[in-house]
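**Student:** structure here, sequence nowhere to be found:
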């Protein structure tokens with residue numbers, strides 16, 4: 001039986017999944033939110049916007065999508081994969097007309113060089129405007145995968161080039177479509 005005067009906390013707070021104070025601060029900003037979550041096998045990212053009826057996800061990508069761009073390494077959760085996932089979601093967001101966002105790392109610790117900040121660096125390098133401090137971002141050598149192997153460094157370059165190539169082709173196709181509509 002419940003004590004008089006005791007207020008039950010929200011379920012997600014009891015389970016340790018949501019910090020409602022952080023969420024309120026993110027929602028008050030009025031900007032889209034770049035959410036980064038890490039699992040045992042992959043990095044999950046999405047850009048969402050607040051709606052009173054429930055958040056609206058505008059763009060969502062997991063690191064497993066990198067396989068379509070030539071990522072052949074067994075791990076989809078390492079630092080280079082995290083950076084490339086951020087780079088990919090940044091390119092996709094720009095294509096959707098999203099130019100800025102704020103970072104939500106959830107209940108992850110804000111440790112210097114963490115993979116969630118590699119995702120942030122990737123999104124910023126893709127062209128998204130996200131307020132951040134460079135002291136938390138991993139070193140360039142770790143982002144490229146030099147700490148893993150030379151094969152990963154080559155694969156990293158190839159995947160990044162493939163992403164750039166795909167989005168430059170998509171951008172030129174959209175420009176052609178817009179110019180043909182005007183005529």
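**Tutor:** That came in fine, so what should we check first? What you are looking at is a predicted structure, and each value in this text was computed from that prediction instead of being measured.

**Student:** give me the neighbour count for residue 139.
**Tutor:** 11 (other Cβ atoms under 10 Å). Placement of C-beta: from N, CA and C, glycine included.

**Student:** how close does it get to residue 121?
**Tutor:** From residue 139 over to residue 121 the distance is 10 Å, taken as Cβ to Cβ, to the nearest Å.

**Student:** in this protein, where is pLDDT below threshold?
**Tutor:** 1-3, 171-183 (pLDDT under 70).

**Student:** make it 50
**Tutor:** Scanning the chain for pLDDT under 50 picks out nothing.

**Student:** what segments of it are helices?
**Tutor:** 11-14, 20-29, 79-95, 115-126, 140-144, 150-182 (DSSP state H).

**Student:** any idea which of these is most buried?
**Tutor:** helix 79-95 (a mean of 26; mean count of other Cβ atoms under 10 Å).

**Student:** what's the angle between that helix and helix 115-126?
**Tutor:** 40 degrees (axes from the mean of the first three to the mean of the last three Cα atoms, to 10 degrees).

**Student:** pull the distance from helix 79-95 to the chain's centre.
**Tutor:** 6 Å (Cα atoms, centre = their mean, to the nearest Å).

**Student:** before we move on, what about stretch 106-125?
**Tutor:** Relative to the chain's own centre, stretch 106-125 is displaced by 9 Å; criterion: Cα atoms, centre = their mean.

**Student:** end to end on that stretch, go ahead and measure it.
**Tutor:** End-to-end distance of stretch 106-125 (Cα to Cα, to the nearest Å): 22 Å.

**Student:** ok, stretch 97-111 next?
**Tutor:** 31 Å.

**Student:** go through it and flag the buried ones.
**Tutor:** Buried residues in stretch 97-111, defined by neighbour count with 16 or more other Cβ atoms under 10 Å: 98, 101-105.

**Student:** pull the residues that contact it.
**Tutor:** If you take Cβ atoms under 8 Å, 6 or more residues apart in numbering as the criterion, stretch 97-111 is touched by 16-17, 19, 22, 26, 29, 31-38, 47, 58-59, 93, 114, 116, 120, 123, 127-132, 136.

**Student:** mind listing what's buried along stretch 63-79?
**Tutor:** Buried residues in stretch 63-79 (16+ other Cβ under 10 Å): 63, 65-66, 69, 71, 73, 76, 78-79.

**Student:** in CSV, list the residues you listed along with distance to residue 166.
**Tutor:** Shown next, in CSV, are these (distance: Cβ to Cβ, whole Å):
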residue, distance to residue 166
63, 17
65, 12
66, 12
69, 7
71, 14
73, 19
76, 19
78, 22
79, 22
